[in-house]
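# Pasting the sequence and the predicted model now:
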Amino acid sequence: MYGLEMVKGLAVTLSNLMRKPFTTSYPEQRIRQHPRFRGEEFTWYEERCTGCASCAKYCPLGIIKIVTAPSETAPLQGDKYRLETFDIELQRCMFCGLCVEACPYDALFMGSGFEEGQYKRTDLVITIDRLRQAEKNPSTWFRPQLEGMDYRPGAGRPLGWREVGRENWRWHQHEKAGMRLAGNRDDNVSSA
Amino acid sequence: MTIRTEPMTVNVGPQHPSTHGVFRVRITFDGEDIVEVEPVLGYLHRGSEKLAEERNYVQVVTLTDRLDYTSSMINNQAYCLAVEQLLGIEPPPRGKYLRTLTAELQRIASHLIAVGFFVQELGAFGTPLMYTFRSRERILDLFEMLCGARITVSYSRPGGVFADAPPDFWPALDQFLSDFEGELEELENLLLSNEILMVRTRGVSPLPPDVAINCSVSGPVLRASGINWDWRKVAPYDAYDQVAFDIPLGENGDNYDRFWVRMQEVRQSLRIVRQCVAQIEPGPVRLELPMVLRAAPGAEAYGRVEASKGELGFFLVSDGGVSPYRCKIRSPSLINLTITEHLLLGWKLADMIVSLGSVDINMGEVDR
Amino acid sequence: MTLNVVSGETLAQRLREVVPNSVVEWNDAAVWVEPNSLGSVASALHDDDEIDFKYLNAISAIDFVEHFELVYHLTSIAKRQTGVVRSRVYGREEPAAASVVGVWKGADFQEREIWDLMGVRFTGHPNMKRIMLWEGFDGHPLRKDFL
Amino acid sequence: MRCVTNADGMLSADGVLGGNPLFYFIYNAVGHVAPCWLSYLIAGLVIMLILINAVLLGAAIVSWGERRLLGRFQNRVGPNRWGPFGAFQPIADLAKLITKEDIIPYGADRLAFTAVPVIMVAAVLLGTAVLPFAKDVALVDLNVGVLFVLAVSSLTSIAIFTAGWASNNRYALFGAGRAVAVLLSYEVPVVLSLLGVVLVAGSMSLGDIVAAQAVPFFLVQPLAFFVFIAGMSAELNRTPFDVAEAESEIIAGYHTEYSGIKFALIQAAEFGGVLVVSGLIATLFLAGWAGPLADWLGWLWFLIKTFIGIFLFVWIRSTYPRLRLDQIMAVCWKFLMPLSIINLAAVVLEVFFLRDANGSLSTADLWIMAAINIALAGGSILFFGRFIREKVRTDAHTAIATNPVARGASTIGMG
């Protein structure tokens, strides 16, 4: 009434002039990312993966491509398949996380990154080699066992395949048949 | 003496700064007065209903995120209620409370956007918008903590919610609730009785109750016309029968009332969130269900919620398969647009934008 | 404050009095009516003091291949009750039903959408054009035979 | 032939550049080697170049300052990428805009379309010609300075209308129509409010007006101050009167179709306009360069007071929504017009009764006027403000009354 409310509005904006900005300058400052963040660069543990393709079947967009072949090196050890292709078409991925929800062996995790920019669309397809070599910073999304560990993705401590399971998967051997373990970085645990 | 004027047809949108996405109205102006209105839709049509027929019941949840992307939580909830009705199951109490809580947080976020853009369209240069976004960011942070995403949450699942809240969620929520009180007060000081805003919005584009009912309008727009109709009260779902809240009603159904109703609903939602936090008890959050659900052949369910824009309904028909045979989405934004002509005809160009903003449409939901 | 559901039987009895030859069958949940009598059925339900369906929630169309089914979810705000009216529309070339826009303006966009995506034409609609897709689009995408 | 002259030599007779030491320095220096007319030309051009660059640089600084300030008002940071606190942002913007394609839309009137940015910048630059930046420092101290300022500031309306018409765009046409309506209406109260200032100062020269402000005129004539600020926000197309370029309604109004360097020029003209108008406010109402140590620090006081004006504009812009066109007209004719007339009448009477035998006013007289006028201002703003609000109220009431199913009061209340 009588313009007093307008004066009140001026006071509100003036009080905000003195306040600290609530935005962050992104490349230098980063907001704290929550452990459940569903990000890109899926974390995949080949040691845990059986090639069952549950993730591929459950993906609403069908962007995961898995090709397995019969393992020829050690069929008697229970490892009947080795993975030849594990492609995730990231450009179509919507990060719903249903593939992670579907994985029965805790082999696939959401990643914690969000800065995937490429010049070619084909570069956005995550291949099996990239998945093998990537640093393992799994998101705790749909993985309650990681939440109890006081673990933060992106805090600098990658997790090895033995640490991320719901239980100790004894039937996973350290080295599966037919695996190329060049990028295997979690050998802080001596072989079983 | 009458001045002869020539009507001028202008395409407002689909790339207009304030048509809420890709809405387009073909308007004939006489000077600045609107004489003819024709809404044109479909620029964001993605065929969600058809896509839903090819996905299983859980996968459809991710589609519902993308309907009204400012209130994904409520969309998830609505769809999951429909599926639960279809399967004849009921989620555990903690799941219900978590859904109620997140839905109300999302309602706050959505109404904040609505209010912010409404005032932005009145011409306030971003300030109220930034203040509302400041609070909304906090809510989205909470969502990220809860389910790893800020907009496309996919939090509800048939039979509950996908996971319990992490332990650090509750202190963060408390912190938000106490901070938000002050931020909301600031916003009310800035806007609620600002003379310019009142002059611009009071008495502009009134919507009489009988027209509102006849045009199937729902949500805050319906209540701003003075009709006491809120599905949370009429047919309580989830934990809404456990919490107390009021329904703000407008008097004239003009732009100011629609804005005012939203501001008040934010307060009521805050009340509901507080009660949920007080009442929630430990327990399971999700029923143990198979990953691929199947409903009985011929089963049908119409699940509806009071979303932030109005009545959001999912009409599911099953043929016994793993995916819905038909998934009809009753989107409030599309049906609220029926009143476009009624709201705009005879008003001025400047009021057109504001009236459209006061209906608070979301193109993701209009076109689906 | 509770929400009553008006059973299909009640609706059918009422409709048989007001609009003869309109009711096809009914069960607890819904009443099935003739598609070309939908307009008069709508005004009967809208004007009836007992039923008082002033508010149309949604019109859904389902393609059951041998026929299309239209489902009208209706609500009375004053009486706090809901009901469902359904209608089977046969034929795939040019299926048609009577429009209810004259009774409920809220049906406007929904009927246009059903025509656009499902291909059921509503006679008596003042502006029966495609709404989501462009004019000249070939086919109706929500039909089961649209690939 | 040597054309050396001293400060009170032959050139001061023509009034232009009178008494400017820099001018005489250059004139004398060039005069040693060049003929009289050439040295006159060169000296004049150098001064103008300095001024034009100062104004354009000032516009850049205003644009940066406005964005920073708006950012802080809105609780965010504002441009902070390039340079200290993002201060080089305008340069980056300019570099970007210059490299952009310069589009002239199909069907546009090419000549008029191209001329508009030039006219707009020229109008702003002309306005600075009479501003006294410090004691005795002005490009020209015209004895009709106020009139000149008003005249050049209305040039903008012609430019805006040309832009809207030449663009061949309906949004631009809307903007042009709105802008002309607003600008023409608001000329009237602005002129009336300045009349009071001129009456008290007894001169139309801006230098004399500053000198006459023993008491700053925003105290002596608060009504005129209020009307001038409101009118000038309308002329500058700033909130709450920015209908001409209302971005949420008509995209960008009259400059919807402008791109590249033309857009940059229009922006420069807008921000330069803010600078010039703030300078005018400082000169006319905040006593310009006057202040402690005015002989040496006059420029500093002028800058500070100009900044106050800019801050005021930014503050208002950050807070208020926009009025509708008819409401802006109502504010002009029903609110600002009566206020400016009341102010004029009061000032006329006061000057008539308070002036001494020579027709001049002492400082004590000014204080008396200030006391009377402040009370008058409060009273009349409240009175006429109520008048406007009553009008709006009845509008709303008729809208409700014609609504056939208007309901009684039913606010929150349902268990």
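Good, I have the coordinates. Model, not experiment: these values are computed from the prediction.
# what secondary structure does residue 68 sit in?
Unless you meant another one, I'm taking chain A. strand (DSSP: H, G, I helix; E, B strand; the rest coil).
# hmm, I had chain C in mind actually
Strictly by three-state DSSP, residue C:68 counts as strand.
# what sits against it?
Listed by C-beta atoms under 8 Å, 6 or more residues apart in numbering or on different chains, the contact partners of residue C:68 are C:61-62, C:88-90, C:95, C:118, C:120. Every C-beta, even on glycine, is put in place using the N, C-alpha and C of the backbone.
# ok, 10 Å please
Residues in contact with residue C:68 (C-beta atoms under 10 Å, 6 or more residues apart in numbering or on different chains) are C:35, C:61-62, C:87-92, C:95, C:97, C:114, C:118-120, C:143.
# just residue B:192 next, same as before
A:5, A:8, B:115, B:185, B:198, B:256, B:259-260, B:263-264.
# what subset of those is also close to chain D?
Residues of the contacts of residue B:192 in contact with chain D (C-beta under 10 Å from any C-beta of the partner chain): A:8, B:198, B:256, B:260, B:264.
# any idea which helix or strand carries the first one?
Element membership for residue A:8 (DSSP states H and E) is helix A:4-17.
# now that helix, how far from the chain's geometric center?
In terms of C-alpha atoms, centre = their mean, to the nearest Å, the centre of helix A:4-17 is set 46 Å apart from its chain centre.
# Show me which positions of it end up buried.
If you call a residue buried by 16 or more other C-beta atoms under 10 Å in any protein chain shown, then helix A:4-17 has these buried ones: A:5-6, A:9-10, A:12-13, A:16-17.
# mind listing the helices for chain A?
Taking DSSP state H as the criterion, chain A contains helices spanning A:4-17, A:54-58, A:98-102, A:128-133, A:144-147.
# Helices of chain C, start to end?
Under DSSP H, chain C gives helices at C:8-18, C:38-47, C:107-117.
# which stretches of the chain have low pLDDT?
Here I'm looking at chain A. For chain A, applying pLDDT under 70 flags the ranges A:1-3, A:71-80, A:156, A:167-192.
# wrong one, I was asking about chain C
For chain C, the ranges with pLDDT under 70 are C:1.
# try it again with 80
Along chain C, segments meeting pLDDT under 80 span C:1-2, C:147.
# Looking at it, which residue is nearest chain A?
Per C-beta to the nearest C-beta, residue C:147 is where chain C lies closest to chain A, at 16.9 Å.
# Number of residues surrounding that residue?
Neighbour count of residue C:147, defined by other C-beta atoms under 10 Å in any protein chain shown: 6.
# Hmm, it is touching residue C:139, no?
Yes - using C-beta atoms under 10 Å, residue C:147 is in contact with residue C:139, at 9.1 Å.
# Please enumerate the strands of the stretch 1-150 of chain B.
B:8-12, B:24-30, B:33-40 (DSSP state E, counting those that start in this stretch).
# Show me which residues of the last one are buried.
Under the neighbour-count criterion of 16+ other C-beta under 10 Å, strand B:33-40 has B:34, B:37, B:39 buried.
# swap in the first one?
For strand B:8-12, the neighbour count (16+ other C-beta under 10 Å) marks B:10, B:12 as buried.
# what do you get for stretch B:269-284?
Buried-residue list, stretch B:269-284, by 16+ other C-beta under 10 Å: B:269-270, B:272-276, B:280.
# Repeat that for stretch D:353-370.
D:354, D:361, D:365-366, D:368-370.
# Quick check: the most centrally placed residue in chain C vs residue D:196, distance?
Against the mean C-alpha coordinate of chain C, by C-alpha atoms, centre = their mean, the closest residue is residue C:72 at 4.3 Å. Distance check for residue C:72 against residue D:196: by C-beta to C-beta, to the nearest Å, it reads 70 Å.
# what about whichever strand or helix holds residue D:369, average pLDDT?
Secondary-structure assignment from DSSP H and E places residue D:369 in helix D:363-402. For helix D:363-402, the mean pLDDT works out to 66.
# likewise stretch B:95-106?
pLDDT averaged over stretch B:95-106 gives 90.
# Then stretch B:58-67?
Mean predicted confidence for stretch B:58-67 is 88.
# quick one: which of the ones next to chain D among the contacts of residue B:192 is most hemmed in?
residue B:256 (27 neighbours).
# pretty sure it is touching residue B:207, no?
No - between residue B:256 and residue B:207 there is no contact under C-beta under 10 Å: 12.0 Å.
# residues bridging contact with these two, i.e. touching both?
In contact with both residue B:256 and residue B:207: B:224, B:250, B:358, using C-beta under 10 Å, 6+ apart.
# Wasn't the second one part of a strand?
Meaning residue B:250. No - per three-state DSSP, residue B:250 lies outside any strand segment and is coil.
# Grab the nearest non-local neighbour of it.
The shortest distance from residue B:250 to any residue other than its chain neighbours is 3.0 Å, reached at residue B:257 (C-beta to C-beta, 6 or more residues apart in numbering or on different chains).
# Helix or strand for the one you found, just tell me which one.
Going by DSSP H and E, residue B:257 is in helix B:255-279.
# Summarise which helices and strands the next helix or strand after that helix is packed against.
Using DSSP H and E, the next helix or strand after helix B:255-279 towards the C-terminus is strand B:300-306. Applying 3 or more C-beta pairs under 10 Å, 6 or more residues apart in numbering or on different chains; DSSP states H and E, one finds that strand B:300-306 contacts helix B:72-87, helix B:93-122, helix B:231-234, strand B:311-317, strand B:326-330, strand C:55-63, strand C:67-76, strand C:81-90.
# Residue A:22: neighbouring residues, count only.
17.
# circling back: closest one to residue B:181 out of the buried residues of stretch B:269-284, please.
residue B:270 (7.7 Å; C-beta to C-beta).
# residues in contact with the closest one?
Residue B:270 touches B:104-105, B:107-108, B:177, B:180-181, B:184, B:245, counting by C-beta under 10 Å, 6+ apart.
# Can I get those in a markdown table including distance to residue D:51?
Putting the contacts of residue B:270 into a markdown table (distance: C-beta to C-beta, whole Å) gives the following:
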| residue | distance to residue D:51 |
| --- | --- |
| B:104 | 60 |
| B:105 | 57 |
| B:107 | 57 |
| B:108 | 54 |
| B:177 | 57 |
| B:180 | 52 |
| B:181 | 53 |
| B:184 | 50 |
| B:245 | 64 |
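# Filter the residues you listed to keep only those in contact with chain D.
residue B:245.
# Of the contacts of residue B:270, grab the buried ones for PyMOL.
In PyMOL syntax, the buried subset of these is picked out as below (16+ other C-beta under 10 Å):
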select buried, chain B and resi 104+105+107+108+180+184+245
